[in-house]
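Trainee: Here's a sequence, model it:
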Amino acid sequence: MPHAPGTDVADRAAGEPAGTAPDDVVARASALLAKPGLVVLTGAPGTGRSTALRDLAAAFRGPVFAGGGLSMLQDVPALALSRAVRVRLPAHDTALLAEAVRSRVRSGLLVVDDLQWADPATVAAVAALAAHTRVAVALRTPHRLPAASVAALRSASAGWLAVPPLTVAAATDLARRVAPALGDAALAEVVRRAGGVPLAVTALARHATTGRPAAVDRGPETTGALPVVVPATPEVDQVAYAVAEALADLTRPARTAMAALGLLGRPACPTMLGAGVEELREAGLIITVPAPAAPPASSGPDVAVSADGSPDNGGSPGTTAGAGDGSSPPAGAAAPEAGELVAPASPYVAEVAAGMLDPASRVALHRRLAELTPDREAARHLAAAGDDVGAAARALAAVARAGTAGERAELLLLACDLPGVRPDDATRTAAAAAALAAGRPRDAVRVLAAGGPLGVDAAVLRAEALLQIGDLAGARAAAAPVPDDAPELVRSARDRVLLLARLANDPAGALAAAAGHGAAPENAGLRAAVAAVRAAGRVPGWEYGLASAAEAAAAAGDLLSTRWSAWLLVETLAADGRLVEAAATAQRAAAACATDLAYSWQARFLAAALWCEALRGDPAGTPADDVVRRAADLSDRTVPTLARAYAVAAASLVEADGGLLAPARARLASAAPAPAAAALLDWVGREAAWLDGQPDRAAAPDSAAAPPLVDGLRRITARWAAYDAGVVEEPDPAELDATDVASAGLPAVRETLAAWSGTGGFDQAALAWHDVVVREEVRCLLAAGLHETDPERAVAALLAAESLAESAGLVVLLGRARRALRRHAVRRETRGPRAGSDLTERERDVLRLVARGEPSRRIAGQLGISAETVETHIRAGMRKLGARTRTAAAAMALEQLR
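Mentor: Okay, here's the model as predicted:
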């Protein structure tokens with residue numbers, strides 16, 4: 001029962017869903033206010049203080065007088081109390097002011113928001129009112145209230161309650177309500193950055209829906225952690241302004257410490273942050289987190305950051321003096337103990353603090369942090385400060401201690417990419433080799449091309465990089481000039497590139513050339529190339545050849561050949577329809593790449609595993625929703641084009657089979673071209689068009705080469721498209737079973753094409769697909785039912801197709817099977833009531849799909865009925881609901897269903 005204006009004061013974004021105030025705080029405050037007393041709710045900006053006050057007022061049984069301070073009118077005497085009781089008050093006398101308020105509130109509840117913006121008379125009166133009146137106030141931390149006023153409030157209060165942050169589950173739920181379209185990865189990033197602050201969760205979630213900034217847009221300010229510039233979105237700007245206004249109430253050491261946490265992007269030792277840590281802790285802006293078991297040793301002295309970002313070698317408490325020359329910590333300097341690290345309670349607040357720094361202060365703080373952090377971090381800080389020479393030196397110093405291939409590549413590429421440094425030839429060559437090992441061939445080509453010509457070592461590296469990105473002609477041209485008198489290692493690398501470049505154009509010649517090198521050459525890279533050539537020719541034992549080549553390369557420390565051989569093994573197994581083996585191999589390889597921080601290779605293996613699981617479609621395997629979710633998360637990240645193509649193909653195939661044809665085709669249309677996966681994406685697009693009732697698009701001619709399984713699937717889809725289009729011309733069976741096509745060696749494909757040509761049976765083809773691809777087994781059973789002349793055998797095949805399609809979630813194929821069953825008087829739909837104006841179950845189903853924007857042909861495919869029947873149901877729904885259009889009927893039907 002609010003009795004005064006001012007109850008619309010909010011600390012959340014406009015339109016944020018209600019119910020985000022912690023219930024335990026409201027309940028505790030209500031219990032404390034069962035009798036006269038003062039309850040103070042504290043918290044950082046955006047944590048929900050105003051929301052908690054509003055919920056507390058709504059729960060109070062009696063009159064509520066709500067007011068609050070205003071930042072622009074902080075000097076107006078007794079403004080907050082005047083807003084609550086709606087009269088002018090005697091602000092010149094604290095006792096008289098308190099009595100004037102008490103006489104009006106009496107047994108009611110006085111609510112004062114934003115006490116940090118109230119004048120001294122109001123603060124003193126609130127403390128005096130506690131003995132006779134129920135008072136609830138919200139106090140933001142940090143604030144500028146005098147210590148004596150805070151002490152008076154504490155002594156008079158019955159409860160000093162800190163509004164806790166949202167839990168991860170509550171924050172995720174709030175972000176999902178605000179931005180339902182965000183994926184799991186984007187939601188997790190929003191929750192992580194917000195740190196449990198409801199206002200930040202809401203603003204960041206809404207900003208994420210408008211398009212997250214690309215990684216290349218983060219600029220030199222990033223130190224491998226967080227962006228320090230707040231995105232220029234109106235709502236986010238408003239939130240950042242509120243946070244910055246609160247941070248301005250901190251002392252300079254505390255603001256600098258908070259900015260340092262924003263630039264670091266990770267927990268830090270309190271002694272590194274200086275004297276402002278305790279103030280941040282008291283304000284609730286930082287939390288204590290456990291230190292890692294073996295923290296990296298600092299490459300500089302453990303001294304504090306001063307208020308202006310300069311070294312503070314002698315004055316800050318808890319610091320250790322040092323020379324500041326980048327050497328190791330002095331003797332006796334201990335690593336932080338467990339539990340001594342601090343982190344920002346909300347990383348977003350730390351980002352805003354870093355963004356508040358002026359350019360000169362930011363540069364000084366980056367330089368200071370470079371002195372206090374290990375070489376890997378220091379290089380990033382110096383680069384952000386504009387000290388390219390120092391950054392390159394620290395990056396090269398960190399290379400020797402890099403524990404993974406990913407770290408080594410990152411550091412060497414950084415040393416080569418700095419604009420103010422000209423790297424030497426050895427650094428460029430090492431950076432290219434590291435980039436290749438980490439799965440970044442384009443970076444390797446760029447680094448080698450940035451300077452002058454290099455020697456034969458760099459020539460074979462460049463040839464390998466060009467080979468990895470698919471430029472076979474360039475790879476051949478780069479490797480050919482390497483002389484025969486070059487060192488053995490260089491000659492082997494040259495022979496590897498030339499052999500693989502020849503494989504693309506002359507497989508038979510490549511196989512003969514590989515025989516000249518022996519079955520298992522000593523050089524790991526050349527052995528992998530020979531195994532690849534034998535695998536391309538399907539020489540018996542090719543699986544063992546690739547696996548043993550990968551193991552030999554791992555033993556020799558050749559990471560590139562190890563991962564490349566594993567990738568070829570996955571691709572070849574998948575191309576031959578051995579999808580379960582391919583998925584298992586890809587998952588093992590991805591786990592190994594994750595350990596070594598080779599994220600580019602890891603993304604490829606993960607995407608390939610998803611594609612194999614999606615195509616296999618085993619009802620007992622990975623759920624289809626999980627495949628779509630993981631594929632969408634992967635495609636949302638910065639991954640190689642080939643990995644993105646596999647992820648898009650996997651998600652699109654599952655969505656198309658599940659009836660989500662419009663999203664599937666939109667995803668395919670937006671996919672970036674990937675030559676190595678072009679045939680795969682082409683078939684998924686054709687299959688989606690066929691499922692969508694457009695056989696003309698599915699049957700379009702295409703002579704591009706494709707892996708055996710994909711080639712066979714493409715030809716089978718063409719046969720279905722011709723059948724649906726009513727094409728009566730049968731191709732020559734000899735052409736269907738030609739031995740020179742890629743898919744001729746796959747029994748399932750051969751049996752299916754033979755059945756379409758009339759020389760085989762669809763039941764045998766379905767049996768051949770049973771352990772390969774479930775959806776093709778369903779299609780063969782469906783074809784058997786459609787072509788069988790004996791009704792009893794046709795119904796048996798269609799019932800088997802229906803059961804398998806239903807268990808595998810193949811919605812469109814399930815609709816086709818039920819439509820075919822109706823020809824034999826077998827019906828599955830549940831009929832609703834016919835009388836009156838109630839919609840039948842089928843009419844509801846049709847109008848739901850109309851509301852999603854689906855056309856009649858697509859609705860017919862999903863429900864297993866004809867397009868004419870769909871139109872009949874729509875007209876019936878329009879008549880019963882009194883709607884003039886199908887869209888209006890769909891909207892009205894949804895209202896009824898709610």
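Trainee: Could you use CA atoms for every contact and neighbour count after this?
Mentor: OK.
Trainee: Assess the claim that Gln862 and Gly659 are in contact.
Mentor: Yes. Gln862 sits in contact with Gly659 when judged by Cα atoms under 8 Å, with a separation of 5.9 Å.
Trainee: Run a quick check on Ala364 versus Asp387, I expect a contact.
Mentor: No. Counting by Cα under 8 Å, Ala364 does not reach Asp387; the two are 11.2 Å apart.
Trainee: how about the strands in this structure?
Mentor: Ranges of strands in the chain, per DSSP state E, are 37-43, 64-68, 109-113, 134-140, 157-162, 286-289, 304-305, 311-312, 341-344.
Trainee: Output the first one as PDB, nothing but the C-alphas.
Mentor: So the one you mean is strand 37-43. Taking C-alpha atoms only, strand 37-43 is exported to PDB below (Å, rounded to 0.1, in the frame of the first residue of the first chain):
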ATOM      1  CA  GLY A  37      13.300  -0.900  14.000                       C
ATOM      2  CA  LEU A  38      15.700  -0.100  11.200                       C
ATOM      3  CA  VAL A  39      16.700  -2.600   8.400                       C
ATOM      4  CA  VAL A  40      19.400  -1.600   6.000                       C
ATOM      5  CA  LEU A  41      19.800  -3.400   2.700                       C
ATOM      6  CA  THR A  42      23.200  -3.000   1.100                       C
ATOM      7  CA  GLY A  43      24.700  -4.100  -2.100                       C
END
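Trainee: Quick check: can you name the pairing partners of it and their directions?
Mentor: Strand 37-43 pairs in its sheet with strand 134-140 (parallel), strand 157-162 (parallel), by DSSP bridges.
Trainee: list the buried ones in it?
Mentor: Gly37, Leu38, Val39, Val40, Leu41, Thr42, Gly43 (16 or more other Cα atoms under 10 Å).
Trainee: Would you mind pulling the contact partners of that strand?
Mentor: 29, 32-33, 49, 127, 129-141, 156-164, 283-284 (Cα atoms under 8 Å, 6 or more residues apart in numbering).
Trainee: where do the contact lists of Gln862 and Gly659 overlap?
Mentor: Val811, Val812.
Trainee: and among the strands paired with strand 37-43, the most buried is which?
Mentor: Most buried of these, by mean neighbour count (mean count of other Cα atoms under 10 Å): strand 134-140, with a mean of 25.
Trainee: Find me the pLDDT at Pro2, would you?
Mentor: On pLDDT, Pro2 comes in at 42.
Trainee: Glu729 too?
Mentor: So, for Glu729, pLDDT stands at 54.
Trainee: Any figure for the gap between the residue nearest to Ala515 when sequence neighbours are not counted and Gly537?
Mentor: Excluding the flanking residues, the one nearest Ala515 by Cα to Cα, 6 or more residues apart in numbering is Val530, at 7.9 Å. Distance, Val530 to Gly537, by Cα to Cα, to the nearest Å: 11 Å.
Trainee: more crowded one of the two?
Mentor: A count of neighbours by other Cα atoms under 10 Å puts Val530 above the other of Val530 and Gly537, at 30 against 15.
Trainee: Next up, the contacts around the more buried one.
Mentor: Arg496, Leu499, Ala514, Ala515, His517, Ala519, Ala520.
Trainee: Switch those residues over to a markdown table; also include neighbour count and distance to Ala463.
Mentor: Below are the contacts of Val530 laid out as a markdown table (neighbours: other Cα atoms under 10 Å; distance: Cα to Cα, whole Å):
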| residue | neighbour count | distance to Ala463 |
| --- | --- | --- |
| Arg496 | 25 | 10 |
| Leu499 | 24 | 12 |
| Ala514 | 26 | 19 |
| Ala515 | 14 | 22 |
| His517 | 14 | 20 |
| Ala519 | 13 | 24 |
| Ala520 | 18 | 22 |
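Trainee: quick one: which of the residues you listed sit in helices?
Mentor: Arg496, Leu499, Ala514, Ala515 (DSSP state H).
Trainee: I'd like those as a markdown table, with distance to Asp625 appended.
Mentor: Putting the ones in helices among the contacts of Val530 into a markdown table (distance: Cα to Cα, whole Å) gives the following:
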| residue | distance to Asp625 |
| --- | --- |
| Arg496 | 42 |
| Leu499 | 42 |
| Ala514 | 44 |
| Ala515 | 46 |
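Trainee: Tell me the one of those nearest Ala555?
Mentor: Arg496 (18.6 Å; Cα to Cα).
Trainee: separation between that closest one and Ala765?
Mentor: On the measure of Cα to Cα, Arg496 and Ala765 end up 41 Å apart.
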